[in-house]
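A.B. asks: Quick one, fold the following:
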Amino acid sequence: MKDNGGAGFVDSLRDIQGEYIMLGDLYEKQRSYGSKLSEMMKTLQFEVDTIIPIRPEALGKPCRAAYLVSEAVVVVFDSNGGLTSKPLYTLAPDVIVSIIQECTPELQRLLSEKRRAETSKVRSMERVLKELKKAQSTFKQTKRDELEAEEEETEPEMESVRLSDPKVQKEMDAPPQPRTAKDSFAFRGSFGEKQDVKAISP
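C.D. replies: Predicted structure coming up:
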């Protein structure tokens, strides 16, 4: 009987130890999840940069007012006017979840408003950028047209310069020179050779 009782006692201790280990794991997960949820709220609230009121019911205790302020800190004014502040991740897990559920609708509204405002700014910048690109394109085309016009004007000026040169004008106005017999008849040999040929022939 004592052996059976001893074995049962050891089994009970082993079970208790297993439960304790599992509780430790659960507590660690709660701390980890609470820290991650707190960081998420800190990031979102930093984006909207505003204080979010919390209903006393979300805290699970009576108070005069409560707020989620920057850095995910919960500020509570009790009924006597006293003030306490704690980081969100240090609160009980159920209170963390309750506060996040309380603040989520307001965060969503504020983020949506900010997104619409930023979207309007981006669209305005896009319109200005498009107009600048059009103006730049028009400016480049105008410069090309001006350069082409300058080139067209330069060619007649060069021609007039050439015509105003007295030497060029004289050459153009001079009558064509008549072609001489020498220029029009290619004579090979000499007259002396031609006479010798006649003397030899019978």
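A.B. asks: Give me the mean pLDDT for the host helix or strand of residue 136.
C.D. replies: Secondary structure from DSSP states H and E places residue 136 in helix 93-164. Averaged across helix 93-164, the pLDDT comes to 83.
A.B. asks: go on, stretch 57-71?
C.D. replies: The average pLDDT within stretch 57-71 is 91.
A.B. asks: Buried residues in that stretch, which are they?
C.D. replies: Judged by neighbour count using 16 or more other Cβ atoms under 10 Å, the buried positions of stretch 57-71 are 58, 59, 66, 68. Bear in mind the C-beta positions are built from the backbone N, C-alpha and C, glycine included.
A.B. asks: so how far is that stretch off the chain centroid?
C.D. replies: 40 Å (Cα atoms, centre = their mean, to the nearest Å).
A.B. asks: Ok, stretch 84-96 next?
C.D. replies: On the basis of Cα atoms, centre = their mean, stretch 84-96 is displaced by 39 Å from the centre of the chain it belongs to.
A.B. asks: Name the residue closest to the centre of the chain, please.
C.D. replies: For the chain, residue 122 is the residue whose C-alpha lies nearest the centre (Cα atoms, centre = their mean; 11.2 Å).
A.B. asks: List the contacts of that one.
C.D. replies: Under the criterion of Cβ atoms under 8 Å, 6 or more residues apart in numbering, residue 122 has no contact partners.
A.B. asks: just residue 129 next, same as before
C.D. replies: Applying Cβ under 8 Å, 6+ apart to residue 129 gives no contacts.
A.B. asks: where's residue 57, which helix or strand?
C.D. replies: Residue 57 is part of helix 56-59 when elements are defined by DSSP H and E.
A.B. asks: Please save the CA atoms from stretch 15-24 in PDB.
C.D. replies: Below are the C-alpha coordinates for stretch 15-24, written out as PDB (Å, rounded to 0.1, in the frame of the first residue of the first chain):
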ATOM      1  CA  ASP A  15       1.700  16.200 -13.300                       C
ATOM      2  CA  ILE A  16       2.000  19.300 -11.200                       C
ATOM      3  CA  GLN A  17       5.400  20.000 -12.600                       C
ATOM      4  CA  GLY A  18       4.100  19.500 -16.200                       C
ATOM      5  CA  GLU A  19       1.200  22.000 -15.500                       C
ATOM      6  CA  TYR A  20       3.600  24.500 -14.000                       C
ATOM      7  CA  ILE A  21       5.800  24.300 -17.100                       C
ATOM      8  CA  MET A  22       2.900  24.800 -19.400                       C
ATOM      9  CA  LEU A  23       1.700  27.700 -17.300                       C
ATOM     10  CA  GLY A  24       5.100  29.200 -17.600                       C
END
